[in-house]
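Undergrad: Mind folding the following:
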Amino acid sequence: MSVSFTSLGVPARLATILSEQGIDSAFPIQEATLPSTLAGKDVLGRGRTGSGKTLAFSLPLVARLAADPKPRKARFPRALIMAPTRELATQISRVVIPLAEGAGLRTSVIFGGVSQVRQEKELNSGVDILIACPGRLEDLLRQKVVDLSRVEVSVLDEADHMADLGFLPVVKRILDQTPRGIQHMLFSATLDNGVDKLVQRYLDQPVIHSVDSSQAAVDTMEHHVFVVDADSKKELILELASGTGRRIMFMRTKHHAKKMAVWLSKAGVPAVDLHGNLSQNARDRNLAAFSGGDARVLVATDVAARGVHVDGVELVVHVDPPAEHKAYLHRSGRTARAGSAGMVATIATPDQQGDVKSLMRAAGIKVPFEKVGPQSAAVVAVRGDKAESVTYVAPRPQSNPRAKTLADSDAAGGRGRRRGGRGNSRPGRPAGRGEAPASGAENRGGRDGGERSRDDRPRSDRGGRPAAERGGRPAAARNERTGERAGGRNGGQRSGGGRSRSSQRQGSGRPEGREANAGRASSSSRPTASGSRQSNTIGEAIGQKTQEALAAGRSGRGRGSRRAGAPQSNYKG
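TA: Model prediction:
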């Protein structure tokens with residue numbers, strides 16, 4: 001027997017709004033909780049997903065605020081609803097906003113992943129009902145953008161999922177900023193993972209209503225387990241995805257969800273993905289494509305699909321079986337919502353049968369395991385009528401005009417990503433910073449022999465002003481004094497007292513080999529930006545002095561070896 005909302009104490013104005021939406025009778029969880037919540041009592045509601053919990057707390061919340069109208073104050077909401085995910089917060093807002101607008105109340109939804117500018121504007125203009133995800137809400141509280149000291153009623157939806165995501169410490173810090181003695185409503189499928197501590201800490205003598213067990217299956221939901229060889233799994237997935245109605249396929253990882261959506265679209269099945277790596281705009285586009293009928297398949301992960309409510313989902317497919325029974329029930333709850341019928345299919349390979357049996361046992365579901373192929377009669381029956389193969393391109397964001405502008409500036413010779421890099425496309429610097437003019441195509445300190453004096457480095461690398469501004473000596477004089485490198489790395493010689501790598505290797509081995517090396521070193525000098533004549537002259541001098549030192553058997557550590565032009569050898573004679 002159906003029960004009307006007005007008979008449960010819902011104000012006639014709100015009941016009329018529901019009637020205009022085609023909602024005339026209450027669901028079991030609404031029938032059980034509304035008398036207590038409308039009376040202002042704290043309530044703990046336990047019920048599965050899709051049972052009508054959102055209306056169960058939205059109606060008393062709006063009715064309470066409407067019965068005691070107060071002027072809005074910027075940054076001070078009167079009611080708070082917290083949800084674990086952006087999708088669930090958005091779904092709650094779709095239920096609350098029509099009721100709130102009918103009662104003259106203003107609602108705002110805040111969550112992460114988007115700019116907070118719009119959210120700040122709404123809060124500064126004054127809101128009555130705030131629907132929020134814990135992470136962004138705590139950020140705004142720290143920034144003093146919102147204040148919860150005037151909250152009169154709070155709602156915590158899907159508290160068990162918040163616990164699974166590790167949000168309970170944040171939730172506690174948020175609820176600690178609300179006044180004592182306000183009305184709290186908490187809805188959760190289970191009381192494990194610390195949810196019971198929330199109940200003990202914040203709910204005052206709560207009225208407990210448990211409509212559905214966390215193990216109970218929905219009467220209108222039909223379950224199947226298909227056992228298939230790993231080689232045929234992809235064909236089975238494609239067959240189940242090829243039906244005419246909407247279907248959601250669950251994957252374990254974000255990467256696999258994206259990959260599966262692309263593969264299905266290429267195979268002629270319009271599909272979009274939904275996972276945590278997507279921006280909020282991309283999530284909205286994909287959900288709009290799925291709910292609007294442009295895409296028939298939504299490939300999702302557990303967290304992203306929590307709170308997704310799209311009417312007419314005929315089939316849920318567990319492509320990757322979940323690890324626990326609660327995830328199975330939440331996934332499956334995307335179909336057979338609010339009394340409608342739906343089917344759930346779980347795909348298991350032979351080595352997964354044991355885990356899936358334990359999963360079904362924990363979920364309280366008795367279902368036979370069917371060994372099938374892609375074209376088995378049981379698979380075709382679950383798939384239903386097959387849709388025509390179509391070419392589908394998933395919605396993509398528009399190009400970023402700023403990125404285009406940056407690309408154009410780079411192409412036009414603008415500053416690159418790195419200053420002083422090793423590439424040879426960077427234009428040369430003008431004279432006047434202590435170095436000779438260099439051609440635009442010259443390497444600056446590259447691996448293939450380009451030289452770099454001290455003033456060739458970017459200013460950020462030097463940590464000071466140019467030499468001309470510091471009053472220092474010119475680069476040429478400094479090179480003559482300190483023995484700056486005159487040749488490339490492959491050349492192996494220096495313009496002053498510095499040793500080359502080839503000269504280091506001359507300290508051992510036969511004398512004739514060392515002399516040959518010294519000869520090669522003297523002939524391999526490369527022209528540089530400082531002037532090829534100077535480089536060749538210095539290189540010849542180095543080679544001549546090196547040969548003299550080796551012939552005389554002198555050690556490179558003797559007197560005068562550190563003067564400019566004197567080679568430093570490790571040969572000990």
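
Undergrad: Can you tell me the SS state at I347?
TA: Look at I347: counting by DSSP: H, G, I helix; E, B strand; the rest coil, its state is strand.

Undergrad: what about it, distance to S376?
TA: 13 Å (C-beta to C-beta, to the nearest Å). For glycine as for every other residue, the C-beta is placed from the backbone atoms N, C-alpha and C.

Undergrad: OK, contacts around the closest residue to V207 other than its chain neighbours?
TA: If the residues on either side of it in the chain are set aside, V207 comes closest to S36, at 4.3 Å by C-beta to C-beta, 6 or more residues apart in numbering. S36 sits next to 43, 207, 209 when contact means C-beta atoms under 8 Å, 6 or more residues apart in numbering.

Undergrad: Take those and write them to TSV, including secondary structure and neighbour count.
TA: Below are the contacts of S36 laid out as TSV (DSSP: H, G, I helix; E, B strand; the rest coil; neighbours: other C-beta atoms under 10 Å):
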residue	secondary structure	neighbour count
V43	strand	26
V207	strand	16
H209	strand	22
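
Undergrad: what's the helix or strand that contains A261 packed up against?
TA: Assigned by DSSP states H and E, A261 belongs to helix 254-266. Contact here means 3 or more C-beta pairs under 8 Å, 6 or more residues apart in numbering; DSSP states H and E; on that basis helix 254-266 packs against helix 233-241, strand 271-274, strand 297-300.

Undergrad: out of those, deepest packed?
TA: Highest mean neighbour count among these (mean count of other C-beta atoms under 10 Å): strand 297-300, with a mean of 29.

Undergrad: what are the pairing partners of that strand, and which direction each?
TA: strand 246-250 (parallel), strand 271-274 (parallel) (DSSP bridges).

Undergrad: how about a markdown table for these, with mean pLDDT added?
TA: Converted to a markdown table, the strands paired with strand 297-300 look like this (pLDDT from 0 to 100):
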| stretch | mean pLDDT |
| --- | --- |
| strand 246-250 | 96 |
| strand 271-274 | 95 |
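
Undergrad: can I get these in JSON lines with distance to T190?
TA: Listed next are the strands paired with strand 297-300 as JSON lines, based on distance: least, C-beta to C-beta, whole Å:
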{"stretch": "strand 246-250", "distance to T190": "20"}
{"stretch": "strand 271-274", "distance to T190": "25"}
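
Undergrad: now the end-to-end length of stretch 246-258.
TA: Distance between the boundary residues of stretch 246-258 (C-alpha to C-alpha, to the nearest Å) amounts to 18 Å.

Undergrad: quick check: mean pLDDT across stretch 383-394?
TA: When pLDDT is averaged along stretch 383-394, the result is 86.

Undergrad: Give the buried residues for that stretch.
TA: Residues 383-384, 387, 392, 394 are the ones in stretch 383-394 that count as buried (16 or more other C-beta atoms under 10 Å).

Undergrad: do the same with stretch 78-98
TA: Under the neighbour-count criterion of 16+ other C-beta under 10 Å, stretch 78-98 has 78-93, 95-98 buried.

Undergrad: got it, and stretch 145-154?
TA: For stretch 145-154, by 16+ other C-beta under 10 Å, it's 145-148, 151-154.

Undergrad: what does it contact?
TA: 60-61, 64-65, 73, 75-82, 116, 119-120, 123, 130, 137, 140-141, 174-175, 177-179, 182-185.

Undergrad: where does the chain have low pLDDT?
TA: Residues of the chain that meet the criterion pLDDT under 70 lie in 1, 48-50, 211-219, 304-307, 338-339, 394-573.

Undergrad: Quick one: the strands in it, in order.
TA: 43-46, 79-82, 107-110, 129-132, 153-156, 183-187, 207-210, 221-227, 246-250, 271-274, 297-300, 313-318, 342-348, 369-371 (DSSP state E).

Undergrad: from what I can see T346 touches H318, true?
TA: Yes: under the criterion of C-beta atoms under 8 Å, T346 is in contact with H318, at a separation of 4.2 Å.

Undergrad: These two - which one has more neighbours?
TA: T346 (27 against 24; other C-beta atoms under 10 Å).

Undergrad: burial count for E20?
TA: Counted with other C-beta under 10 Å, the neighbours of E20 add up to 10.

Undergrad: before we move on, what about the one 4 residues further on?
TA: When neighbours are counted by other C-beta under 10 Å, D24 registers 11.

Undergrad: ditto for G126
TA: 16.

Undergrad: can you tell me how far it sits from L287?
TA: Shown here: G126 relative to L287, a distance of 29 Å by C-beta to C-beta.

Undergrad: Between I347 and S376, point out the one with more neighbours.
TA: Applying other C-beta under 10 Å to I347 and S376 shows that I347 carries more neighbours, namely 22 against 16.

Undergrad: In this structure that one contacts Q353, no?
TA: No: taking contacts as C-beta under 8 Å, I347 lies outside contact range of Q353: 11.4 Å.

Undergrad: Grab the nearest non-local neighbour of H209.
TA: H209's closest residue in space is A32 (C-beta to C-beta, 6+ apart), at 4.2 Å.

Undergrad: ok, now L18?
TA: Distances taken as C-beta to C-beta, 6+ apart place F5 nearest to L18, at 6.1 Å, with adjacent residues excluded.

Undergrad: Please apply the same query to M251.
TA: A257 (4.3 Å).

Undergrad: for that neighbour, what are its contacts?
TA: For A257, the contact set (C-beta under 8 Å, 6+ apart) comprises 251, 273-275, 299-301.

Undergrad: and which of those is nearest L191?
TA: Lowest distance from L191 to the contacts of A257 (C-beta to C-beta) belongs to T301, with 25.3 Å.

Undergrad: pretty sure that closest one contacts R252?
TA: Yes: at 7.3 Å, T301 and R252 qualify as touching, with contact defined as C-beta under 8 Å.

Undergrad: More neighbours: these two, which one.
TA: T301 (23 against 15).
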